[in-house]
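A.B. asks: next come a sequence and a model predicted from it.
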Amino acid sequence: MPAHFQIAASTERFLQHLWLEKGLSDNTRSSYQRDLKQFQQWLSEHEKIPITEATPDSISHYLAWRYQQHYKPASTARSLSSLRGFYRYLLREGELDRDITDNIELPKQGRSLPKTLTESEVEALLNAPDTETNLGLRDRCMLELLYACGLRVSELVNLRVEQINLRQGIIRISGKGGKERLSPMGEEALNWVQSYMKQARPDLLNNVNSPVMFPGRQEQPMTRQTFWHRIKHHQQTAGITADVSPHVLRHAFATHLLNHGADLRVVQLLLGHSDLSTTQIYTHVARHRLGTLHAKHHPRG
């Protein structure tokens, strides 16, 4: 995209609306901005019109172009969702007299199962950091919390000390849209948190009084990218061939809970999902894994 290309004023107002009224995270608003900017750029090159003058045919042609460019169906579906939100906003604001996305259908796509890990793979990953070092103890604590609480990576790296209640063994998580939830840490994760806070965290912060739970450089919170590299390093140490990322551990958290009989609505609350249908994807993962175990171990499997 050319450096001089400027996003439309109507798009800027919509993005401000997402922040002021919807309370969406920076990551979500950045996704909307990318989708709308790409569509605006496509319009300027192919139809020579601003984004506010697009028609249903414009959107249909744009979606067809994305397919020709081999964009993934999930990416195209998200792009259409962003456009739908934008044009409905303009309709509510009285800037348009109709919703041009009203009769545009989402691209059909298969619902892929989230990648996960076996319990033995998780155990190997958790044991990978060298806890005799400050960095290793920090990483072990982060991995334990990620798996024990099903955190999103942004929730983990931005965790503050005040969100942790050691006496009750719970953490208060600030999730998407500013929604808060409580999650129990469990005895194992709690022990690692206490060890880390006593032994490693003061040194990593150079004894500076800071609310940051997991510092990276200069007493600032670790970035998501840094933690991603750390988890890849520990994957190699553990000899795990499956692709491992912070989100895969979140999937493992949900799947293993369901495998051991947890109620779906409890898992929904722990994950911070606003809609139960989002959580239901994990029942397919759990059912598949239970079927595999039955076939392997049952005498009539």
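C.D. replies: That came through, no problem.
A.B. asks: give the contact list for residue 212.
C.D. replies: Each residue near residue 212 by C-beta atoms under 8 Å, 6 or more residues apart in numbering is listed here: 160-161, 205, 219-221. (Glycine included, C-beta is placed from N, CA and C.)
A.B. asks: CSV for those, including secondary structure and distance to residue 99?
C.D. replies: Shown next, in CSV, are the contacts of residue 212 (DSSP: H, G, I helix; E, B strand; the rest coil; distance: C-beta to C-beta, whole Å):
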residue, secondary structure, distance to residue 99
160, strand, 41
161, helix, 46
205, coil, 51
219, coil, 48
220, coil, 43
221, strand, 40
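A.B. asks: now stretch 257-276: mean pLDDT?
C.D. replies: Averaged across stretch 257-276, pLDDT comes to 76.
A.B. asks: and it, what's buried?
C.D. replies: By neighbour count with 16 or more other C-beta atoms under 10 Å, stretch 257-276 contains the buried residues 257-259, 267-268, 270-273.
A.B. asks: stretch 44-62 now?
C.D. replies: 51-52, 54, 58-59, 61-62.
A.B. asks: mind listing the strands for the stretch 101-250 of the chain?
C.D. replies: 164-165, 170-174, 180-184 (DSSP state E, counting those that start in this stretch).
A.B. asks: how about low-confidence regions in this structure?
C.D. replies: Applying pLDDT under 70 to the chain flags the ranges 1-7, 21-23, 106-114, 177, 274-301.
A.B. asks: can you tell me the closest non-neighbouring residue to the residue nearest the centre of it?
C.D. replies: Nearest to the geometric centre of the chain sits residue 152, at 5.4 Å (C-alpha atoms, centre = their mean). Residue nearest to residue 152 in three dimensions, not counting chain neighbours: residue 250, with 6.6 Å by C-beta to C-beta, 6 or more residues apart in numbering.
A.B. asks: OK, contacts around the one you found?
C.D. replies: 146, 150-152, 271.
A.B. asks: among those, which ones are in helices?
C.D. replies: 146, 271 (DSSP state H).
A.B. asks: now, which of the contacts of residue 250 sits nearest residue 80?
C.D. replies: Among the contacts of residue 250, residue 152 lies closest to residue 80 (C-beta to C-beta), at 24.2 Å.
A.B. asks: tally of neighbours for residue 24?
C.D. replies: By other C-beta atoms under 10 Å, 18 other residues sit near residue 24.
A.B. asks: is it in contact with residue 18, as I believe?
C.D. replies: Yes: counting by C-beta atoms under 8 Å, residue 18 is a contact partner of residue 24 at 4.7 Å.
A.B. asks: next, show the common contact partners of these two.
C.D. replies: Counting by C-beta under 8 Å, 6+ apart, the residues touching both residue 24 and residue 18 are residue 32.
A.B. asks: distance-wise, check the closest residue to residue 175 other than its chain neighbours relative to residue 134.
C.D. replies: Spatial nearest neighbour of residue 175, chain neighbours left out: residue 272 (4.1 Å); criterion: C-beta to C-beta, 6+ apart. According to C-beta to C-beta, to the nearest Å, residue 272 stands 30 Å off from residue 134.
A.B. asks: sorry, back to before: list the contacts for the residue nearest to residue 175?
C.D. replies: Contacts for residue 272 were tallied using C-beta under 8 Å, 6+ apart; they are 152, 173, 175-176, 179, 181.
A.B. asks: isn't residue 216 right up against residue 226?
C.D. replies: Yes: shown here, residue 216 and residue 226 form a contact pair, counting by C-beta under 8 Å, at 5.5 Å.
A.B. asks: what sits closest to residue 223 if chain neighbours are left out?
C.D. replies: In space, and not counting its chain neighbours, residue 223 is closest to residue 216: 6.0 Å by C-beta to C-beta, 6+ apart.
A.B. asks: tell me who's in contact with that neighbour.
C.D. replies: Counting by C-beta under 8 Å, 6+ apart, residue 216 makes contact with 222-223, 226.
A.B. asks: with residue 226 instead?
C.D. replies: Contact analysis of residue 226 by C-beta under 8 Å, 6+ apart lists residue 216.
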